[in-house]
Every structure is written in C-alpha cells, then in structure tokens.
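Engineer: Could you look at this predicted model? Sequence included:
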Amino acid sequence: MVAELDPIFKRLEAKKAELADRPLRKLFAEDAGRFDRFSVHLDDLLLDFSKNRLDADAFALLIELAKAAGVAERRDAMFAGAVINTTEKRSVLHTALRNRSNTPVIVDGKDVMPDVNEVLGRVRDFAEGVRSGKIASSTGAKFTDVVNIGIGGSDLGPAMATIALTPYRGNGPRLHYVSNVDGAHISDTLAELDPKTTLFVVASKTFTTSETMTNAGTARAWIKEHLGEAAVGAHFCAVSTALDKVAAFGMDVSRAFGFWDWVGGRYSVWSAIGLPVAIAVGFDNFVAFLSGAHEVDNHFRSAPLDKNIPVILGLLGVWYRNVWGFSTHAVLPYDQRLSRFAAYLQQLDMESNGKGVRTDGTPVPRASGPIVWGEPGTNGQHAFYQLIHQGTDIIPADFLAAAVPHEQVGDHHAKLLSNVLAQTEALMLGKTVEEAAAELKKAGKSDADIAALAPHKAFPGNRPTNTILYRTLDPRTLGRLIAIYEHKVFVQGTIWGVNSYDQWGVELGKELANRLLPVLKGEAEPAANQDASTKGLVAAIKGLQKA
Ligand code: F6P
C-alpha cells in the first residue's frame, strides 16, 4: 500500500515547491472565496482550515492520497469489527461504546451491543447512586469525594473530561485523579480527604499496571487504617477488562465494571472507564458525551472525504509531517477547561502513531506520528508563542474556541476570542521587514534604530493553523472533539501503514524497571552485565540515601 502512495507523495512534493512563493497572505489575496472553500460545518461546530499552505490542487491531491491509502475501506472495516489491531489480533470498536443507534456490532459472530448496554446500565445506577447518596460509605454518609486510581488511558480521558465539564457537576462529589507511582501524588490527594466520605475507583484495563496496583494498595491500607478492614468493600469499586484479577485483588465483583479487549486503553473513556465522569456530571450528561462522539462517527462514515473533518485534519497532518518536514503539532485551546486536552491527545496520538514499522513489520518509509503538545491560550501566548511566531521551526497548530462561554464575566470572553482570532491572523499574515520599518518610522525612530530593529520586529508569517469553533463546551461537544481527533489518528495511521492500536514501545521500560526494583530496594545487586551508567546512578542513589 505504502509503495503505491509514492507517486502521490512525489506530486505533493512538486506542489510544495510551487507553493513556496505563494505564502498564505498571497493565497488569501488571490481568492475571496478561500474561507468558504476551506471550511466545514458539523452543525454548530466549524473547522476553518483556510489558513493552511494549501490551494485547490494541493487539497485535491491530498484527497487522492486518502483514496489511494484506502482510508474509507479501512474505516468501514474498523466499524464492522474487522481485526485491524493485527499484532494483538483484536477488533477496534470503541465506536460501539457510543453507538447510540444501537444497531448490532458483531465481534466473533456475536452482537456486542447487549453487553455494552448492560454495563452502561450498571454505570448509570452506580453513578446516580453515588450522586444521590443511595450508594453510601461504610458509615452511611454520602460520598463527598471520589478518587480515580488509574494511569494512561485509565486516567487521562476521565481526568480531562472532568475538568472540561466542570459546569455540569451540580451537587455531585468532587473528583480526584491519582496516577503517578510517586507517593507524593497519593499522599497529597489523601491529605485533603476524609476516609469516611471517600470512594475509590480503581481503573485499569489489565489490572496489572504497577502504578495503579501500588496506589490501590496504598488507598486500601488508608481505608483499613481509618475505618477497619470491614469497611474496605464499601469504599472501592473497579473498572477493568480483567474481572478475575479484580476478584483476586479482593474487590467485590458486584462493584466491578467490565469492558472488552476491543477497546484500546487510550480509546476507553467511552467505556466504564468513564464511570468517574458519569459520577462527576451525572449519567444524562455522560450519555450526551457519548452521543456527541456518535455524531462524529456518523459524519466520519458518511461525509465525502473532502468535507470530512477527521479526514481533512489527518491529511493536513500528513502534508506537514511528510512533505514539509514539520515534526510537531500544537493543540491550543482557548478554553481553560480544556487544560488537559493536549495531554490527553498526546497519549491518543503519540501512543497510537509513534511507530517505526508498518503492520507487516517493515520499516515505515517516511516520518510517522508527530510530537503533539500544547497548553491553553491565552497562557501560552506569554510563554512559548514567541517560538511559534518567529522561531526557526514551523509548528502547525489547532486553535479551539467556544463562541459562548458558560460564565458571562464582564468582557472576558470577547477578550479571549479577540486573542484566538488575532493569533491565527498574525501567524498567517506575519509582518514584513518593510512593514515593521514603516511602523518604526511612524513612531519617530531614527534611521539607525529602524535598521537595527526592523528585522527583530518582522514576522515571517505563512504559519499554518486550523481553527475549531463550537458554540459551547458542553458534553456533546467534548464528545465530538475527542472523536474527531480519534478518527484523525486513524486516518494518519492508515496512510502511514502502522497499527495505531498497539503500544509495544512502552514495554521495555516496564521490563527494566521490574529488574531494577529489587536492586533499589536493597534486595539484590545490579546484574554483572548492567551498564556502567545505570550502576553508577544506583550507587549515587544509595550514597545519597545513606547520607
Ligand atoms: O503503559 C501504557 C499503557 O498500557 C497504556 O496503553 C494504558 O492506557 C495504560 O498503560 C494503563 O493501562 P491499564 O489500563 O491496563 O492499567
């Protein structure tokens, strides 16, 4: 498949050369219809991709690339339950978890929807029970605080969504997320809490992850210490695909919520892994979140490729990564409650497409997944935007913003929106040396000062951005945003020929940590063939610990 794409990539290279002397400001000047041509609506959600290094021919070539890579066929195969996670021999069906149409989804000859709906019903009962106080602590008190213990996909999605949906909390309990095995994380969290009114959700797809099991053990000991062993059951529940391991851990299986191996960890917020979100904002809002994602699934499946938001975003990413050689992609929400969105997307994108071999085990012949990063605006403007505007690297970026805020606080929102629009305009237009010089002259600067300062005050411009605008950050919109990025990752993984649904790259570090643990606990010496650096560091740690 990848070889067949070479001729299209060659034509894209030629197109790039042609665009070299047609910067964005020129493209906008040439074409009054550019915004309409390069924007797509999905109800109230708008993708403006007009500020990209693109003309109609380049866009058509990118669409050709998607066709040649078989994006539509592989998409349909994924939705139909084909085993596209080939290294783990699994279907990839997070879409079934939010299949609000309830049409059958067949895995191994069996419709998975009844099981999906059964767990969802249990999530509803439990979440609403905790919110109402019907499901109470061992003392009979209402839970005031819920601590999710999980890491990676069992943490980032629910943690991000909980912050994003803060306005929907009502009188629900406070949510906390403990992920790091650094004891500081759980210590600082527990220090604020009352064991009598604290519920723990232990979330782990495999129920073997060292960080999560360690934190769960510490939480268990904390409840036992304060309330006694008999209280433990009332203060814990679990989410996992490995219900046998949940039972072996000593947890009440009636308080265990299952999901399935066809749900990847970083795609699992739609499953019972979303239980803390349902507790935080109530089940109806959780369903609205699922429905938003389902809408995007329908859009992804049915919209023509050139009007298909995830396809367009995926293709633009490939264009910049493979043809222009840009290695990072920034996600910059002008929406403070999306403060963890970039961190969430890092796992989604980098764990999915950070691969060096194709599904057939041969090397990926061109660059694959970019480095994804970002922070909310306007904060980032006062930190790293300097580099985005004038640095030597070009960083394509997505800007996200809501037209309508939850809080009407003075003119805050007008100021926020003026900033998001100004940034993408500045990145697109830039400012020439001549324009900078003219401004300096107008400000009364001497010729010498103008000559010295103008190069510093000029902006190269021609820096590509997308803007994703939506009415309000509500549960439906959050669901839509996440699903858009999930499918974008799918599109790119398909073009690069990688398996976006495994993550073998995280294993070696885990293995070596297990080998080093007895050494650090003083139960073993470093192996004779241990490298000198690690040995030296172990010795230094021990020295510092003795001192
Ligand atoms: O180590 C990476 C990883 O396997 C992620 O893919 C996953 O989301 C995370 O660890 C947590 O895994 P689990 O849910 O099985 O505890």
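Structural biologist: Yes, it's here. Here the structure is a predicted model, which means the values were calculated and not measured.

Engineer: tell me which parts of the stretch 51-200 of the chain are close to the ligand?
Structural biologist: Contact residues, the stretch 51-200 of the chain versus the ligand (Cβ under 6 Å from any ligand atom): 151-154. For glycine as for every other residue, the C-beta is placed from the backbone atoms N, C-alpha and C.

Engineer: Adding neighbour count, write these out as TSV.
Structural biologist: Formatted as TSV, these follow (neighbours: other Cβ atoms under 10 Å):
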residue	neighbour count
Ile151	20
Gly152	20
Gly153	25
Ser154	30
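
Engineer: and the two most separated of those residues?
Structural biologist: Ile151 and Gly153 (8.3 Å; Cβ to Cβ).

Engineer: can you count the residues close to Ala60?
Structural biologist: Around Ala60 there are 12 other residues, counting by other Cβ atoms under 10 Å.

Engineer: Which secondary structure state is assigned to the most centrally placed residue in the chain?
Structural biologist: Central residue of the chain (Cα atoms, centre = their mean): Leu345, 1.9 Å from the mean position. Taking DSSP: H, G, I helix; E, B strand; the rest coil as the rule, one finds Leu345 in the helix state.

Engineer: give me phi/psi at the nearest residue to Gly150 once chain neighbours are set aside?
Structural biologist: Nearest residue to Gly150, sequence neighbours excluded (Cβ to Cβ, 6 or more residues apart in numbering): Ala203, at 3.4 Å. Dihedral angles of Ala203 (phi, psi; degrees, to the nearest 10) stand at phi -120, psi 120.

Engineer: Could you tell me how far Ala203 is located from Gln492?
Structural biologist: With distances taken as Cβ to Cβ, to the nearest Å, Ala203 is found 28 Å from Gln492.

Engineer: cool, and Val277?
Structural biologist: 27 Å.

Engineer: go on, His235?
Structural biologist: For His235, the distance to Gln492 - Cβ to Cβ - is 42 Å.

Engineer: who's more crowded, those two?
Structural biologist: Remark: of His235 and Gln492, Gln492 carries more neighbours, 28 against 24, as counted by other Cβ under 10 Å.

Engineer: Isn't the more buried one up against Ala367?
Structural biologist: No - with contacts counted by Cβ atoms under 8 Å, Gln492 stays clear of Ala367, the gap being 10.8 Å.

Engineer: I figured Thr139 was touching Asp194, is that so?
Structural biologist: No - Thr139 lies out of contact with Asp194 (Cβ under 8 Å); the separation is 10.0 Å.

Engineer: and the residue of the stretch 301-450 of the chain found nearest the ligand, how many residues sit next to it?
Structural biologist: Residue nearest to the ligand within the stretch 301-450 of the chain (Cβ to the nearest ligand atom): Glu351, separated by 5.8 Å. Counted with other Cβ under 10 Å, the neighbours of Glu351 add up to 22.

Engineer: excluding its backbone neighbours, what's nearest it?
Structural biologist: Gln503 (5.0 Å).

Engineer: Any idea how many residues pack against that neighbour?
Structural biologist: Neighbours around Gln503, by other Cβ under 10 Å: 21.

Engineer: could you measure it against the ligand, distance?
Structural biologist: 5 Å (Cβ to the nearest ligand atom, to the nearest Å).

Engineer: Tell me how far that residue lies from Met78.
Structural biologist: Distance from Gln503 to Met78, by Cβ to Cβ: 18 Å.

Engineer: Wait, a strand at Gly505?
Structural biologist: No - counting by three-state DSSP, Gly505 is located in no strand; its state is helix.

Engineer: Can we start the residue count at 40 from this point?
Structural biologist: New numbering, starting at 40: the last item is Gly544.

Engineer: ok, now how distant is it from Val131?
Structural biologist: Taking Cβ to Cβ, one finds Gly544 at 18 Å from Val131.

Engineer: more crowded one of the two?
Structural biologist: Applying other Cβ under 10 Å to Gly544 and Val131 shows that Val131 carries more neighbours, namely 23 against 12.

Engineer: distance of the more buried one from the ligand?
Structural biologist: Distance from Val131 to the ligand, by Cβ to the nearest ligand atom: 14 Å.

Engineer: same thing with Asn210?
Structural biologist: Distance from Asn210 to the ligand, by Cβ to the nearest ligand atom: 30 Å.

Engineer: ok, and the closest non-adjacent residue to that residue?
Structural biologist: Nearest one to Asn210, counting by Cβ to Cβ, 6+ apart, is Arg170 at 7.5 Å.

Engineer: Around the ligand, pick out the residues from this structure.
Structural biologist: Looking at the ligand, the residues of the chain close enough under Cβ under 6 Å from any ligand atom are 190-193, 243-245, 248, 251, 304-305, 390, 542, 545.

Engineer: closest to Ala166 among those?
Structural biologist: Ser193 (16.9 Å).

Engineer: pLDDT score for that closest one?
Structural biologist: Looking at Ser193, its pLDDT is 98.

Engineer: Now do the contacts for it.
Structural biologist: 187, 242-244, 248, 251, 278, 304, 307, 312 (Cβ atoms under 8 Å, 6 or more residues apart in numbering).

Engineer: repeat that with 10 Å
Structural biologist: Neighbouring residues of Ser193 by Cβ atoms under 10 Å, 6 or more residues apart in numbering: 187, 216, 218, 240-246, 248, 250-251, 278-279, 304-305, 307-308, 312.

Engineer: Tell me which of those fall in strands.
Structural biologist: Here DSSP state E is the test, and the contacts of Ser193 give 187, 216, 240-242, 278-279 as lying in strands.

Engineer: want to try JSON lines for the residues you listed, with neighbour count as columns?
Structural biologist: Shown next, in JSON lines, are the ones in strands among the contacts of Ser193 (neighbours: other Cβ under 10 Å):
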{"residue": "Asn187", "neighbour count": "27"}
{"residue": "Tyr216", "neighbour count": "25"}
{"residue": "Val240", "neighbour count": "27"}
{"residue": "Val241", "neighbour count": "26"}
{"residue": "Ala242", "neighbour count": "33"}
{"residue": "Val278", "neighbour count": "29"}
{"residue": "Ser279", "neighbour count": "26"}
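
Engineer: Of all pairs in these, which one is the farthest apart?
Structural biologist: Tyr216 and Ser279 (16.9 Å).

Engineer: which element is Gly500 on?
Structural biologist: Per DSSP states H and E, Gly500 falls between elements, in no helix or strand.

Engineer: mind listing what's buried in stretch 387-396?
Structural biologist: 387-394 (16 or more other Cβ atoms under 10 Å).

Engineer: and if you look at stretch 393-406?
Structural biologist: Applying 16+ other Cβ under 10 Å to stretch 393-406 flags 393-394, 397-398, 403, 405 as buried.

Engineer: remind me which residues of the chain are low pLDDT?
Structural biologist: Scanning the chain for pLDDT under 70 picks out 40-42.

Engineer: Tell me how far the longest helix along it lies from the chain's centre.
Structural biologist: Determined from DSSP state H, the single longest helix within the chain is helix 514-535. Relative to its parent chain, helix 514-535 has a centroid offset of 9 Å by Cα atoms, centre = their mean, to the nearest Å.

Engineer: mind saving the C-alpha coords of it as CSV?
Structural biologist: Extracted C-alpha coordinates of helix 514-535, given in CSV (Å, rounded to 0.1, in the frame of the first residue of the first chain):
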residue,chain,number,x,y,z
PRO,A,514,-20.8,17.2,27.0
ARG,A,515,-21.9,16.7,23.4
THR,A,516,-19.2,19.0,22.1
LEU,A,517,-16.5,17.4,24.2
GLY,A,518,-17.5,14.0,22.8
ARG,A,519,-17.4,15.4,19.3
LEU,A,520,-14.0,16.9,19.7
ILE,A,521,-12.4,13.7,21.1
ALA,A,522,-14.0,11.6,18.4
ILE,A,523,-12.7,14.0,15.7
TYR,A,524,-9.1,13.5,17.0
GLU,A,525,-9.5,9.8,17.3
HIS,A,526,-10.5,9.5,13.7
LYS,A,527,-7.8,11.9,12.6
VAL,A,528,-5.3,9.5,14.2
PHE,A,529,-6.9,6.6,12.4
VAL,A,530,-6.6,8.4,9.0
GLN,A,531,-2.9,9.1,9.6
GLY,A,532,-2.2,5.6,10.9
THR,A,533,-3.8,4.2,7.7
ILE,A,534,-1.7,6.4,5.4
TRP,A,535,1.5,5.5,7.3
